[in-house]
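[1] build me a structure from this.
(one chain, ligands or ions: 1)
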Amino acid sequence: MTTQSLTNAKDFILAGNATFTILNETTGGRFTYKVMANKSESGPSHFVKLLTGSNNEADYTYLGCVWDSKTYSHGRKSSIGRDATSAKALTWAFPRIIGGKLPECVKVFHEGRCGRCGRKLTVPESIESGFGPECVRLMGGSPAPVKAKPAVKAPEHSLSDALAEINAQYGVCPDGCCGDERLTESQRAEWRSKQEGARRMYLKVA
Ligand SMILES: [Zn+2]
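    Numbers count the residues shown, from 1 in each chain. Alright, predicted model coming up:
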């Protein structure tokens, strides 16, 4: 299988027929997802599945939805719990991929197939970009915008989301395990106090 770390992961994962792997280089954790455009007029813009078996062509399980090509939410009907690492990893990574704010220790790889049509990539430039020559042309050099649809519900927000968000603001890993060495003394103090604040807020509410 040909894999390649994507520089423009956002366009790839929303292109309509994208299979990609998210790798956390610090923990070695990796999960493979498939994000397919919803061809129907209503509902989410994309459906998300998780690779759950050894057959990387067929063994995918429904995980959640993308709304309006912007927001990912875990599927209530998914057989995978929202607290599963595979589910939490995407809930964490999705907004960071969309916002171009993935920490350096987390990489997105394609699995050797075009993000738009799913066909196998062979040309080096295609492997680099994640799109076959025909799809690049059809997208006019850049991926086609996916039709905007109204979001049906706002995603739930939890303490771990809040902490991950704070970490992302400071370019620190979701678990706070790396990246803070780049911060200055005062930035780190600020980062810590924001985390404390979030903990107090969420624990009080809960
Ligand atoms: Zn293609």
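[2] wait, isn't Phe94 in contact with Tyr72?
    Yes. The criterion here is CB atoms under 8 Å, and Phe94 meets it with Tyr72 at 3.8 Å. Bear in mind the C-beta positions are built from the backbone N, C-alpha and C, glycine included.
[3] what touches both of those two?
    Counting by CB atoms under 8 Å, 6 or more residues apart in numbering, the shared contacts of Phe94 and Tyr72 are Val66.
[4] tell me the contacts of the closest residue to Leu50 other than its chain neighbours?
    In this structure, Leu50 finds its nearest non-sequential neighbour in Leu63, 4.5 Å apart by CB to CB, 6 or more residues apart in numbering. Taking CB under 8 Å, 6+ apart, we find Leu63 in contact with Tyr33, Val48, Lys49, Leu50, His74, Gly75, Ser78, Ile80, Ser86, Ala87, Leu90.
[5] repeat that for 6 Å
    Contact analysis of Leu63 by CB atoms under 6 Å, 6 or more residues apart in numbering lists Val48, Lys49, Leu50, Ser78, Ile80.
[6] what's the burial count for the residue lying closest to Ser158 once chain neighbours are set aside?
    Leaving aside its sequence neighbours, Ser158 sits nearest to Tyr202 (CB to CB, 6+ apart; 7.2 Å). Tyr202 sits with 16 neighbouring residues when counted by other CB atoms under 10 Å.
[7] next up, the contacts around the residue at minimal distance from the centre of the chain.
    What sits nearest the mean C-alpha location of the chain, by CA atoms, centre = their mean, is Phe94, with 2.9 Å. The contact partners of Phe94, by CB under 6 Å, 6+ apart, come to Tyr72.
[8] and the one 4 residues further on, by the same measure?
    Residues counted as contacts of Ile98 (CB under 6 Å, 6+ apart) are Lys10.
[9] use 43 as the first number from now on
    Got it, first residue is 43 now, which makes that one Ile140.
[10] now it: how far from Leu56?
    8 Å (CB to CB, to the nearest Å).
[11] how about the residues of this structure near the ion?
    Cys156, Arg158, Cys159, Gly174, Cys177 (CB under 5 Å from the ion).
[12] go again using 8 Å as the cut-off
    Asn59, Cys156, Gly157, Arg158, Cys159, Gly160, Arg161, Phe173, Gly174, Glu176, Cys177, Leu180 (CB under 8 Å from the ion).
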